[in-house]
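Asks: Pasting the sequence and the predicted coordinates here, then a few questions.
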There are 2 protein chains.
Amino acid sequence: MSDHAFDRAIALSAQPDGSFLGRTSPDYGNMVGPYGGITAAQALNAVLLHPERQGEPVAYTVNYAAPVADGAFTLHARPARTNRSTQHWVIEMLQDSQTVLTATAFTALRRETWSAAEHTLPDVPAPADVALPKDGPRVEWVRRYEMRFVQGGLPAAWDEREETLSRTQLWVRDNPPRPLDFASLTALSDVFFPRIWRRRASRVPVGTVSMTVYFHADAAHLAATGTGYLLAQAQAQAFRKGYFDQTAQLWNEAGELVVATHQVVYYKG
Amino acid sequence: MSDHAFDRAIALSAQPDGSFLGRTSPDYGNMVGPYGGITAAQALNAVLLHPERQGEPVAYTVNYAAPVADGAFTLHARPARTNRSTQHWVIEMLQDSQTVLTATAFTALRRETWSAAEHTLPDVPAPADVALPKDGPRVEWVRRYEMRFVQGGLPAAWDEREETLSRTQLWVRDNPPRPLDFASLTALSDVFFPRIWRRRASRVPVGTVSMTVYFHADAAHLAATGTGYLLAQAQAQAFRKGYFDQTAQLWNEAGELVVATHQVVYYKG
């Protein structure tokens, strides 16, 4: 095992009954409990480490059913359907025998086909030309990422001045750098601070309830990306009666869309 | 029960063990097997009809694990976690004891909050000013929808002339009209023909593997929409090694975003 904090955080131990045992990591702590992205990566890792897995992740949906408490958890990953070159997984995370997370994953053996880009890398300055934030992070997990905000960083003041646009763009990578893989891509898919904070310049209570990740990267793209930066872009589409959605994209520096990801988030007030 | 074809198609009968029995509907037949949208609506209906359900659907992800054969199916819907005002569901559809579909749903009691639109209704002509297609539909399910293509209808010729944009916009509603509800909104979320057909002007084999629906509509929006049209817009972001993704929105005529929906689709060649 690498001694990178991310590898320590997603480490799981296989149990005799086929389940996996893991622990939350203080390195990825949020204000209360763990960062949602690391929890999503831990749950996907139960599929990645599963002896019956075939193929690479293509689609993954994770539902945050209850707050994850600091400490141990159990993961069950079941191949609900195995086809010739694809597989459908149902995943559940438990603490004290209670479900705290449900998820589904789709893995497939990918092969060469006609391919094309459509949503291309926005016109942004190179990572080296974008400054690091001046303020130190308020929560631990943010220290695990190098974030260079191109547009739409945290509001300069929490003065409740409403904006009409929630878009954020940042160059981001693990801190310290770590070669990209499916687990770290999953964690990075949740890297955005809540869109409603950006719209309202107010830190209203929030919590992601469901996140979906579509992987456009395969092993070759991961290798080409290596420890390079990803341009991460997110925007909300509607805020309505306690829930908003977010649509997001992650491109590598070569301009390849490696992930399209979406989530729906609870908000208060 | 209404005698509308949609209500007949999604009808389920509760079994003594808590599961539901349903049947595919020839009214929603696709080239082979049923339309994916009706299958998604049937699976969600197992939650909507469940005696333990609380709240309305907010997020729903359905995974097509294997082709659904014409005939009977069994649906299991389990409330994996019930909180004070939210609930997380795990759903599975079986035929001959084999899993053909997995799904997760999140339901919640919604309440008034600060709300805002961000992705607003595109500037399009009114439904009455958009012509119906001249050609009759090739498959049965398409007859169940009134579709008025504003932009990006089926290619005029299957001449393999590549386009650079996969966007489609159409006004759509049930045919005959039927008041909108969560089940019909789910089916409508899958109404788009495959983006790759539009990009390549070629009917390559395709199949949705996973679809996620975020409901921004609550009961009041559904009532206000009634039997009116929805403006449905879809676009792909990348086509890569056998899979492309699609991001889509449905607005009602009043301009309210009622659904944000995404899917990943297998394609051949």
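Replies: Structure received.
Asks: going forward, measure contacts between C-alpha atoms and count neighbours the same way
Replies: Noted.
Asks: mind saving the C-alpha coords of the biggest helix by length in chain A as PDB?
Replies: As assigned by DSSP state H, the longest helix anywhere in chain A is helix A:36-48. The C-alpha trace of helix A:36-48 is given here as PDB (Å, rounded to 0.1, in the frame of the first residue of the first chain):
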ATOM      1  CA  GLY A  36     -18.600  12.700   1.000                       C
ATOM      2  CA  GLY A  37     -16.100  12.200  -1.900                       C
ATOM      3  CA  ILE A  38     -14.000   9.900   0.200                       C
ATOM      4  CA  THR A  39     -17.000   7.900   1.400                       C
ATOM      5  CA  ALA A  40     -18.000   7.500  -2.300                       C
ATOM      6  CA  ALA A  41     -14.500   6.300  -3.100                       C
ATOM      7  CA  GLN A  42     -14.500   3.800  -0.200                       C
ATOM      8  CA  ALA A  43     -17.800   2.300  -1.400                       C
ATOM      9  CA  LEU A  44     -16.600   2.000  -5.000                       C
ATOM     10  CA  ASN A  45     -13.400   0.400  -3.700                       C
ATOM     11  CA  ALA A  46     -15.500  -2.500  -2.500                       C
ATOM     12  CA  VAL A  47     -16.300  -3.200  -6.200                       C
ATOM     13  CA  LEU A  48     -12.700  -2.500  -7.400                       C
END
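Asks: Does the lowest-mean-pLDDT helix or strand in chain A reach chain B?
Replies: The weakest-scoring helix or strand in chain A, judged by mean pLDDT, DSSP states H and E, is helix A:219-225 (a mean of 90). No. Helix A:219-225 lies out of reach of chain B by CA under 8 Å from any CA of the partner chain, never closer than 10.9 Å.
Asks: roughly how far out does the following helix or strand past that helix sit from the chain middle?
Replies: For helix A:219-225, the following helix or strand on the C-terminal side (DSSP states H and E) is strand A:230-240. Strand A:230-240 sits 13 Å away from the centroid of its parent chain (CA atoms, centre = their mean, to the nearest Å).
Asks: So which elements touch the longest helix of chain A?
Replies: Judged by 3 or more CA pairs under 8 Å, 6 or more residues apart in numbering or on different chains; DSSP states H and E, helix A:36-48 is in contact with helix A:5-10, strand A:72-82, strand A:86-95, helix A:182-188.
Asks: can we see that at 10 Å?
Replies: Judged by 3 or more CA pairs under 10 Å, 6 or more residues apart in numbering or on different chains; DSSP states H and E, helix A:36-48 is in contact with helix A:5-10, strand A:20-23, strand A:56-64, strand A:72-82, strand A:86-95, strand A:98-108, helix A:182-188, strand A:206-215.
Asks: out of those, deepest packed?
Replies: Stretch with highest mean neighbour count among these: strand A:56-64 (a mean of 26; mean count of other CA atoms under 10 Å in any protein chain shown).
Asks: Sheet partners, orientation included, of it?
Replies: Partners of strand A:56-64 in the sheet, by DSSP bridges, are strand A:98-108 (antiparallel), strand A:206-215 (antiparallel).
Asks: mean confidence score for it?
Replies: Mean pLDDT, computed over strand A:56-64, is 98.
Asks: Give me the pLDDT for A:S2.
Replies: Looking at A:S2, its pLDDT is 76.
Asks: Would you confirm that it contacts A:R8?
Replies: Yes. At 7.6 Å, A:S2 counts as touching A:R8 under the criterion of CA atoms under 10 Å.
Asks: surely A:D70 meets A:M31?
Replies: No. Using CA under 10 Å, A:D70 makes no contact with A:M31, being 11.7 Å away.
Asks: returning to what we had before: run the chain-centre distance for the least confident helix or strand of chain A.
Replies: Put simply, helix A:219-225 sits 18 Å off its chain's centre (CA atoms, centre = their mean).
Asks: got the angle for the longest helix of chain A vs strand A:98-108?
Replies: Orientation check (axes from the mean of the first three to the mean of the last three CA atoms, to 10 degrees): helix A:36-48 against strand A:98-108 gives 60 degrees.
Asks: starting at the chain centroid, how far to stretch A:121-138?
Replies: Here the centre of stretch A:121-138 is set off from its chain's centre by 19 Å, with CA atoms, centre = their mean.
Asks: Could you give the average pLDDT over it?
Replies: Averaging pLDDT along stretch A:121-138 yields 92.
Asks: who touches it?
Replies: A:30-31, A:142-143, A:146-151, A:153-154, A:169-172, A:228-233, A:249-257 (CA atoms under 10 Å, 6 or more residues apart in numbering or on different chains).
Asks: Out of those, name the ones that lie in strands.
Replies: Judged by DSSP state E, the contacts of stretch A:121-138 include A:146-151, A:169-172, A:230-233, A:249-252, A:257 as members of strands.
Asks: and the strands paired with strand A:56-64 as CSV, adding mean pLDDT and distance to B:R199?
Replies: Output for the strands paired with strand A:56-64, formatted as CSV (pLDDT from 0 to 100; distance: least, CA to CA, whole Å):
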stretch, mean pLDDT, distance to B:R199
strand A:98-108, 98, 23
strand A:206-215, 98, 20
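Asks: which stretch among these comes nearest A:Q42?
Replies: strand A:98-108 (10.9 Å; CA to CA).
Asks: any chance of the strands paired with strand A:56-64 in CSV, with distance to B:T24 too?
Replies: Formatted as CSV, the strands paired with strand A:56-64 follow (distance: least, CA to CA, whole Å):
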stretch, distance to B:T24
strand A:98-108, 24
strand A:206-215, 28
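Asks: Surely A:T164 and A:R199 touch.
Replies: Yes. Using CA under 10 Å, A:T164 makes contact with A:R199 at a distance of 6.4 Å.
Asks: shaky segments in chain A?
Replies: A:1 (pLDDT under 70).
Asks: Return the alpha-carbon coordinates of stretch A:104-111 using PDB.
Replies: What follows is stretch A:104-111, C-alpha atoms only, in PDB (Å, rounded to 0.1, in the frame of the first residue of the first chain):
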ATOM      1  CA  THR A 104     -25.100   0.900  -7.700                       C
ATOM      2  CA  ALA A 105     -22.200   0.500 -10.200                       C
ATOM      3  CA  PHE A 106     -21.800  -0.600 -13.700                       C
ATOM      4  CA  THR A 107     -18.500  -2.100 -14.900                       C
ATOM      5  CA  ALA A 108     -17.600  -3.100 -18.400                       C
ATOM      6  CA  LEU A 109     -14.800  -4.300 -20.600                       C
ATOM      7  CA  ARG A 110     -14.300  -1.300 -22.900                       C
ATOM      8  CA  ARG A 111     -13.000  -1.600 -26.500                       C
END
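Asks: who does the residue nearest to A:Q98 when sequence neighbours are not counted bridge with?
Replies: The shortest distance from A:Q98 to any non-neighbouring residue, by CA to CA, 6 or more residues apart in numbering or on different chains, is to B:R81 (7.8 Å). Listed beta-bridge partners, B:R81: B:H88 (assigned using DSSP bridges).
Asks: And A:Y64, by the same measure?
Replies: A:L101.
Asks: what residues are up against it?
Replies: Residues in contact with A:Y64 (CA under 10 Å, 6+ apart) are A:36, A:39-40, A:93, A:99-103, A:207-211, B:81, B:88, B:106.
Asks: now A:S85
Replies: Residues near A:S85 by CA under 10 Å, 6+ apart: A:Q54, A:G55, A:T107, A:A108, A:L109, A:R110.
Asks: what do you get for A:G29?
Replies: Going by CA under 10 Å, 6+ apart, A:G29 touches A:Y35, A:G36, A:I38, A:D70, A:V139, A:E140, A:W141, A:V142, A:R143.
Asks: hmm, back to that, shouldn't the residue nearest to A:Q98 be in contact with A:S97?
Replies: No. Between B:R81 and A:S97 there is no contact under CA under 10 Å: 11.3 Å.
Asks: what separates A:H50 from chain B, distance-wise?
Replies: The spacing between A:H50 and chain B, counted by CA to the nearest CA, to the nearest Å, is 19 Å.
Asks: Once you drop chain neighbours, what's closest to that residue?
Replies: Spatial nearest neighbour of A:H50, chain neighbours left out: A:A77 (7.7 Å); criterion: CA to CA, 6+ apart.
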